[in-house]
Structures are given as structure tokens and as C-alpha cells.
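need a structure here:
(one chain, ligands or ions: 2)
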Amino acid sequence: MKFSLKRMVSVAFLAFALVNLVGCGEGTNTPSTPLTASTVSSNPPTNLVDSHTHSVSIPFSDLGGGKTVNYRSSVTSGHSHVIALSAGQLADLYNGLRVQVVSTPAADGHAHLWNILGGQIVYESICYNCHSNDKRGVSQMNSSQPPLQSQKNALQSPPTQPLSSAVSATPDPNFGTTAQTLTITTPSLTGAVVGTFHSQSLSATGGTSPYVWSITGYHPAWLALSAGGVISGTPTATDTGNYTLTVKVTDSATPAATASGSFTLGVTAVAPAIDGAALYASYCAGCHGALAGSRKRGKSAAQITSALATVPDMSGISLTAAQIQAVATALYP
Ligand code: HEC
Ligand code: HEC
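Ligands and ions are numbered 1, 2, ... in the order given. Model prediction:
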């Protein structure tokens, strides 16, 4: 055979040398396909036996975009989720911090926590396209690369970086599905209590934000709806009963789209009992599992209050003392 091993080796060497010449230079290992995005994965759900995960791709161009961005995840176990990163969280990722977000729930209610490592994103957006994976875990190439000390720390150990405290964003459950028609997403109104200031934000999705809200038709004198969608007011003793409110939301597109919704608003003389199980389902189950099998069964109101104040993952949750007590009661074995 004329094609000797020696010859094959020298051809391979030539190809290698060429890649290095047109690449970044000596000491680098330019990847054949440059990255334009980082692929990050979710944790498995905490409340399912089916321990699947999902991934999303975060384009590097989103890191400095200055706006909230939604991402629809890969499909695993027959479904996908949406996560949202706020402008502040995207900036913190680029600075090397960790960001934790919770996805939209799937049809069975389970959601995923995403622990996104800024150190991984710094490496992939700054270093990978010259070095492939060769320099992962190395803090820096020289004093200017990467520019920030927090990025240098993050390159060495992405999982141990501080958690971002940037305001989070609410993921849009319709993102990345079909054309997004303007829809009111508030399912129902919470009841008001005589003599107690009542306030609730209405929400919509789709169309073009910002939205402008208004009440069409009758509404009781004590109640107002701001253009931003906040219902507020304090009912008096003569205001008890059920009202039907018809609201309209208009988007900023030209021509504008509108959506209307009718809601029942109840006004009672005394506060109704708080549904701790429902609060648990909407505020806690996504991370700690369904109520029946919750890993937090038996936790007291004091322990929950302290966790809310000290556990970074729980810092976004705002509950009144009475609501925390109701959750603790629901968790009582
Ligand atoms: C534009 C291409 C380019 C980028 C971007 C780049 N490097 Fe380099 N890097 C090089 C070149 C070329 C060398 C070898 C020449 C030298 O050492 O001066 C090198 C050398 C190094 C070295 C020292 C040599 C060694 O083998 O230990 C380390 C460590 C390193 N880079 C890490 C990084 C890290 C971490 C990043 C991202 C923050 C990064 N580099 C970004 C081109 C790049
Ligand atoms: C975004 C995820 C997340 C959400 C939502 C969440 N937690 Fe936590 N929680 C954590 C993490 C992470 C810890 C720390 C690790 C641990 O103890 O499980 C924690 C710790 C706790 C602790 C303290 C540790 C212990 O076992 O005594 C309590 C109590 C607790 N959570 C209760 C709740 C309750 C009640 C809710 C709903 C109001 C809630 N959590 C919502 C993530 C979350």
C-alpha cells in the first residue's frame, strides 16, 4: 500500500497547522463551528418520578440587549416549558453571576428550577471560539481577557459564584407557540373585604405591550382600574355583594388589538378563610413538590418566615403573615 501511515499523519498535521494559522494563533484550538449561543439545562422537577430535564439556548446577542427575553425549552417527556430572563439577569450572567429562574408549569403542574451559570456563559461567549473547551476552569488569558474580576472568578468555578439579585421576569406561557393574540390572563378576581384596601393587578399576554386597561360598563363607585391594569379601592359596609366587572385591554400595535373579559368581584363583610393548600400549590409546589408529598411537611410558620427571609431562591415570594400561617396549617401532617 502506497498510502503509508506516515503520509496520513503528515496530512493530518498539515490540516491541523492550517486551522491554527487561520484561527487565533499558537496555543489555541479554534472549534470548527463557532458558538453563537450557550445551551443551558434545567434541574429535574422536584415533584415527579419522571426525572427529565430540558434545555434552552441563550444567544450571546441577548446578553447586552437590555430587555426581558423569553425562551421556550426543548421538548422532553412530550412537553416544553418557557423561562424568562430579565435585562438585569442577562447582564448578571455576562458578569459571571448565577441566575435561578422557575419555568412555566407543564399541563400536570410541574415546573423546573434553572440554575444558570454565568461562568459557563462567559467562557462560551469570550473564550470558546479561540480555545474550544481547552481552557475551561482557567481564570484568564491575560490581564485584559476577560475584562471584569467577577468574570475571572466565574471562569474558575462557575457553580460557586454569587446568586444574582436582579429583579426576575414572568415567563410568557404562550411564547414560541402560535401567533400571539392579545388575551387577558387573569383567571379570576380575589374577593374584597369591607373597610380593607383592595388591590389586584390584571395581566394580559400577546399583542404588543404596553397595554392600556379600562372598565367598560358599570362599576361600583369605590373601585377604580388604572390604565396600567390595577384594580383598587376600599369598599364600605354598604358595598357588600357580587359585582360583574367588564374590562378591556388595548395593546400598542397599529391598528390596536383589544381583548375583553368579564369578572365577578365579591365584597364580603369579613375576610374569608385563606386557602393554604391553594397558596402552597401556586407558591411552593414548583420547588418543593405537591402538597401531599412535600419535603416541607410539618414546617411551622416561623420556619417558613425565616426561609423566606434567608433562602435566596425564595426571595421573590411575598406572602402576608396570615397567608404563611395558612400554608403552615396546610403543611401540618
Ligand atoms: C482571539 C482569540 C482568543 C481569545 C478570545 C482568548 N484567547 Fe486565550 N489565548 C489565545 C492565544 C493566541 C494564546 C496563545 C498565545 C499566548 O499565550 O500569548 C492564548 C493563551 C491562553 C492561555 C495561556 C496559555 C496556556 O496554555 O495556558 C490561557 C490560560 C488562555 N488563553 C485562556 C483564555 C481564556 C480563559 C479566555 C476567555 C476569557 C481566552 N483565553 C480568550 C487566544 C485567545
Ligand atoms: C424557587 C424555588 C423555591 C420556592 C418557590 C420555594 N422554596 Fe422553599 N426552599 C428552596 C430552597 C432551594 C431551599 C433550601 C434547600 C432546602 O432546604 O430544601 C428552601 C428552603 C425552605 C425551607 C427551610 C428549610 C427547611 O426545610 O426548614 C422552608 C421551611 C421552605 N423552603 C418552605 C417553602 C414554602 C412554604 C414555600 C412556598 C411559600 C417555598 N419554600 C417556596 C426553594 C424554594
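
Measure how buried residue 249 is and give me the count.
Applying other C-beta atoms under 10 Å, we find 22 other residues in the vicinity of residue 249. For every residue, glycine as well, the C-beta is placed using N, CA and C.

Spell out which residues of this structure are next to ligand 2.
With C-beta under 6 Å from any ligand atom as the criterion, the chain meets ligand 2 at residues 102, 113, 283-284, 286-288, 296, 299, 303-304, 307, 311, 313-314, 317, 327.

Go through those and flag which are in strands.
102, 113 (DSSP state E).

Among the residues of the chain next to ligand 2, name the buried ones.
Buried by 16 or more other C-beta atoms under 10 Å: 102, 113, 283, 284, 286, 287, 288, 296, 299, 304, 327, out of the residues of the chain next to ligand 2.

ok, now how distant is the second one from ligand 1?
Look at residue 113 and ligand 1: by C-beta to the nearest ligand atom, to the nearest Å, they are 28 Å apart.

what's the span of stretch 174-181, first residue to last?
9 Å (C-alpha to C-alpha, to the nearest Å).

Mind checking if stretch 91-106 is in reach of ligand 1?
No: using C-beta under 6 Å from any ligand atom, stretch 91-106 never reaches ligand 1; the gap is at least 10.6 Å.

quick one: the strands in the stretch 151-300 of the chain?
183-184, 192-193, 198-201, 204-205, 212-216, 224-225, 230-233, 241-250, 258-268 (DSSP state E, counting those that start in this stretch).

Same list (the buried ones among the residues of the chain next to ligand 2) but as JSON lines, adding pLDDT.
Shown next, in JSON lines, are those (pLDDT from 0 to 100):
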{"residue": "102", "pLDDT": "95"}
{"residue": "113", "pLDDT": "95"}
{"residue": "283", "pLDDT": "92"}
{"residue": "284", "pLDDT": "91"}
{"residue": "286", "pLDDT": "87"}
{"residue": "287", "pLDDT": "89"}
{"residue": "288", "pLDDT": "89"}
{"residue": "296", "pLDDT": "94"}
{"residue": "299", "pLDDT": "95"}
{"residue": "304", "pLDDT": "96"}
{"residue": "327", "pLDDT": "96"}
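
So which of the residues you listed are in helices?
Of these, the ones assigned to helices by DSSP state H are 283, 286, 287, 288, 304, 327.

how about these in TSV, adding distance to residue 130?
Listed next are these as TSV, based on distance: C-beta to C-beta, whole Å:
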residue	distance to residue 130
283	45
286	39
287	38
288	43
304	48
327	51
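
Most widely separated two among those residues?
286 and 304 (15.4 Å; C-beta to C-beta).

which stretches of the stretch 1-150 of the chain aren't confidently modelled?
Applying pLDDT under 70 to the stretch 1-150 of the chain flags residues 1-27, 48-49, 143.

what separates residue 222 from residue 89, distance-wise?
39 Å (C-beta to C-beta, to the nearest Å).

partner residues bridging the residue in the stretch 101-250 of the chain that ligand 2 sits nearest to?
Distances between the stretch 101-250 of the chain and ligand 2 by C-beta to the nearest ligand atom are smallest at residue 102, namely 5.1 Å. Counting by DSSP bridges, residue 102 forms beta bridges with residue 113.

hang on, the earlier thing: and the buried ones among the residues of the chain next to ligand 2, which is closest to ligand 1?
Of these, the one sitting nearest to ligand 1 (C-beta to the nearest ligand atom) turns out to be residue 113, at 27.9 Å.

Would you mind measuring from that closest one to residue 43?
Taking C-beta to C-beta, one finds residue 113 at 5 Å from residue 43.

Check the spacing between the nearest residue to residue 211 once chain neighbours are set aside and residue 107 real quick.
Nearest residue to residue 211 in three dimensions, chain neighbours excluded: residue 249, at 4.9 Å (C-beta to C-beta, 6 or more residues apart in numbering). Per C-beta to C-beta, residue 249 is found 26 Å from residue 107.

what's the burial count for the closest residue to residue 96 other than its chain neighbours?
Leaving out its chain neighbours, the residue that sits closest to residue 96 by C-beta to C-beta, 6+ apart is residue 154, at 2.7 Å. Summarising burial for residue 154: neighbours were counted as other C-beta under 10 Å, giving 29.

and residue 154, what is it in contact with?
95, 96, 97, 117, 118, 119, 122, 161 (C-beta atoms under 8 Å, 6 or more residues apart in numbering).

residues touching the last one, list them.
Right, the one you point to is residue 161. Residue 161 sits in contact with 96, 97, 98, 117, 118, 119, 150, 153, 154, where contact means C-beta under 8 Å, 6+ apart.
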